[in-house]
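# I need the structure of the sequence given here:
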Amino acid sequence: NDLRKLYPYGALATSLSNVVRIHSSSGTLGKPVLTFYTRQDLNKWYNLLARNLWAIGVRSGDIFQNTVSHGLFTGMGYLFGAELIGCTTIPYGPAGPEKQLKAMVELGVTVFHAVPSFALKLSDLAEEWDLKPGKDLKLRLAIIGAEFWSEHSRKRIENALGVEAYNNYGLAEVCGPGVAVETPEHKGLMHVWADHFYIEVIDPSTGENVAEGEEGELVITTLQREAMPLIRYRTGDIVKLLGYDCGLRPGHPLISWIKGRIDDMVKVKGVGLYPEVVEKIIMKYNELKPDYLIVLAKYDEVKILLEAKDKVRRERIEEVISEIRKKIKEETFIRVNIELVGKNELSKIRGQGKVKRILDLRNL
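Now for the predicted structure:
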């Protein structure tokens with residue numbers, strides 16, 4: 001909120017004449033947050049993104065496709081990181097999954113960058129087209145982030161596309177992607193680049209640091225930014241600090257995947273509910289499209305909207321719905337209703353922007 005109050009140029013620590021690039025957050029909470037780069041900031045950011053890609057195994061000669069928008073948002077930066085490594089880059093930008101997947105097949109793409117919801121659409125489409133990894137698809141690596149996702153989503157993406165998928169983390173306020181990345185040596189964790197970012201994990205209520213291994217809010221201090229340095233910036237993201245790398249990257253902190261945002265958790269009849277709990281159950285069922293929306297109505301009614309795949313027997317879908325309802329009750333002690341929706345209805349209901357998993361209508 002402090003940065004939003006400073007919109008547009010109040011957060012600048014240098015003259016505007018030294019700024020060579022402006023990017024923006026999505027603005028889903030109101031005014032967007034602008035982030036500024038000097039020439040040196042840009043070069044360092046591209047190097048961080050090249051580090052991320054190198055760390056997951058990307059090398060010169062790979063064909064890299066960037067599936068995200070090349071507008072104001074920071075995901076476009078991976079294009080320049082891939083070029084630094086020596087990849088052939090394809091700046092496809094915001095096209096639909098059909099066009100993007102067709103390009104991957106025809107151009108022999110080996111690496112791609114995407115948000116999780118789009119990667120799941122690609123995997124679902126690859127199964128629908130009956131594409132064979134290694135034959136129709138030459139993909140081997142994917143770097144995915146900017147939205148919440150889980151190990152269960154990863155399995156669906158990897159199985160359908162024949163890739164090893166790696167998580168990464170960043171936010172527009174501190175540079176964009178490039179803060180942390182998962183690596184083959186520490187699957188399930190992410191390395192924070194300690195020469196650029198000093199991190200803390202705090203209790204969001206008290207502001208005090210929590211012990212290693214405890215869940216809390218990630219706080220970031222930038223160490224090398226010129227245009228927009230930040231001190232103890234509260235990200236709102238929930239993580240655990242899980243020690244420090246003593247192998248290939250000694251001294252770099254290791255954090256968990258992002259569990260969600262502080263404002264992602266909702267209380268239903270006094271019980272905390274994160275989308276993560278629902279996702280890990282739903283993603284196990286290949287009879288369903290890899291998408292869902294949790295709708296909270298008055299009197300704490302919880303409804304989960306799902307889309308079934310074509311050609312699945314009605315009896316089997318009814319079995320799946322019954323199983324999901326039972327498993328969610330066992331995990332959360334919350335009784336839910338499940339409703340099937342038509343093709344693309346979920347996208348229409350939630351609207352544009354980053355994929356939201358919870359629609360809270362209780363105060364409307």
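# where do the domain boundaries of this structure fall?
Under the assignment automatic domain parsing, the domains of the chain span 2-261, 265-360.
# ok, what's across the strand from A114?
Using DSSP bridges, the bridge partners assigned to A114 are I144.
# tell me what I304 is bridged to.
I304 forms beta bridges with I294, I338, as assigned by DSSP bridges.
# make TSV out of the domains of the chain and add mean pLDDT and mean neighbour count.
For the C-beta atoms, the positions are set from N, CA and C on the backbone; glycine is no exception. Shown next, in TSV, are these (pLDDT from 0 to 100; neighbours: other Cβ atoms under 10 Å):
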stretch	mean pLDDT	mean neighbour count
domain 2-261	94	18
domain 265-360	89	15
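# end to end on stretch 264-284, go ahead and measure it.
22 Å (Cα to Cα, to the nearest Å).
# quick one: residues in contact with it.
148-153, 155-156, 238, 259-260, 288, 290, 292, 294, 296, 300, 302, 304, 306, 324, 327-328, 331-334, 357-358, 360 (Cβ atoms under 8 Å, 6 or more residues apart in numbering).
# so in the chain, which strand runs the longest?
strand 233-244 (DSSP state E).
# that one pairs with which strands, parallel or anti?
Short version: by DSSP bridges, strand 233-244 pairs with strand 215-222 (antiparallel), strand 253-256 (antiparallel), strand 260-261 (antiparallel).
# dump these to JSON lines, plus distance to V115.
Formatted as JSON lines, the strands paired with strand 233-244 follow (distance: least, Cβ to Cβ, whole Å):
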{"stretch": "strand 215-222", "distance to V115": "19"}
{"stretch": "strand 253-256", "distance to V115": "19"}
{"stretch": "strand 260-261", "distance to V115": "15"}
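# which one of the ones you listed lies closest to P116?
Taking Cβ to Cβ, strand 260-261 is the member of the strands paired with strand 233-244 nearest to P116, at 12.8 Å.
# what's next to that closest one, contact-wise?
F148, G236, D237, I238, Y274, P275, E276.
# just name the closest of those to K132, please.
Closest approach between these and K132, by Cβ to Cβ: F148, at 29.9 Å.
# residues in contact with the closest one?
Applying Cβ under 8 Å, 6+ apart, we find F148 in contact with P116, I258, G260, D264, P275, E276, E279, R357.
# please apply the same query to R21.
Counting by Cβ under 8 Å, 6+ apart, R21 touches F36, Y37, D41, L42.
# would you map the helices across the stretch 51-200 of the chain?
Listed in chain order, the helices of the stretch 51-200 of the chain (DSSP state H, counting those that start in this stretch) span 77-85, 97-107, 116-128, 151-161.
# got the phi and psi for L296?
phi -110, psi 120 (degrees, to the nearest 10).
# not counting residues beside it along the chain, what's closest to it?
Distances taken as Cβ to Cβ, 6 or more residues apart in numbering put D360 closest to L296, at 4.6 Å, once the chain neighbours are dropped.
# go ahead and confirm that neighbour touches A297.
No: using Cβ atoms under 8 Å, D360 is not in contact with A297; the gap is 9.0 Å.
# so for A180, which of the strands paired with strand 233-244 sits nearest?
strand 253-256 (6.3 Å).
# hmm, who's touching the closest one?
169, 180, 186, 188-192, 194, 199, 201, 218, 239-245.
# L359 pairs with what?
V295.
# any idea how far it lies from P94?
23 Å (Cβ to Cβ, to the nearest Å).
# what's the answer for R314, then?
Taking Cβ to Cβ, one finds R314 at 36 Å from P94.
# not counting its neighbours along the chain, what's nearest R234?
Nearest one to R234, counting by Cβ to Cβ, 6+ apart, is V219 at 5.5 Å.
# wait, the one you found touches I199, no?
Yes: counting by Cβ under 8 Å, V219 does reach I199; the two are 6.7 Å apart.
# still on that earlier bit, how close does the residue nearest to L296 get to R234?
D360 is 22 Å from R234, by Cβ to Cβ.
# and if you look at K311?
On the measure of Cβ to Cβ, K311 and R234 end up 48 Å apart.
# same question, K356
In terms of Cβ to Cβ, K356 sits 21 Å off from R234.
# could you do E200 as well?
10 Å.
# identify the contacts common to the two.
V219.
# which residue comes closest to M76 once chain neighbours are left out?
H70 (4.3 Å).
# contacting residues around that neighbour?
M76, L79, P91, G93, P94.
# dump these into TSV; add distance to N52 as well.
Shown next, in TSV, are those (distance: Cβ to Cβ, whole Å):
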residue	distance to N52
M76	14
L79	13
P91	18
G93	20
P94	21
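# so which of these would you say is closest to C175?
Nearest to C175, judged by Cβ to Cβ, of these is M76 at 12.9 Å.
# doesn't T67 make contact with the closest one?
No: the criterion here is Cβ under 8 Å, and M76 misses it with T67 at 10.9 Å.
# and G77, what does it touch?
W45, Y46, L49, G176, P177, G178.
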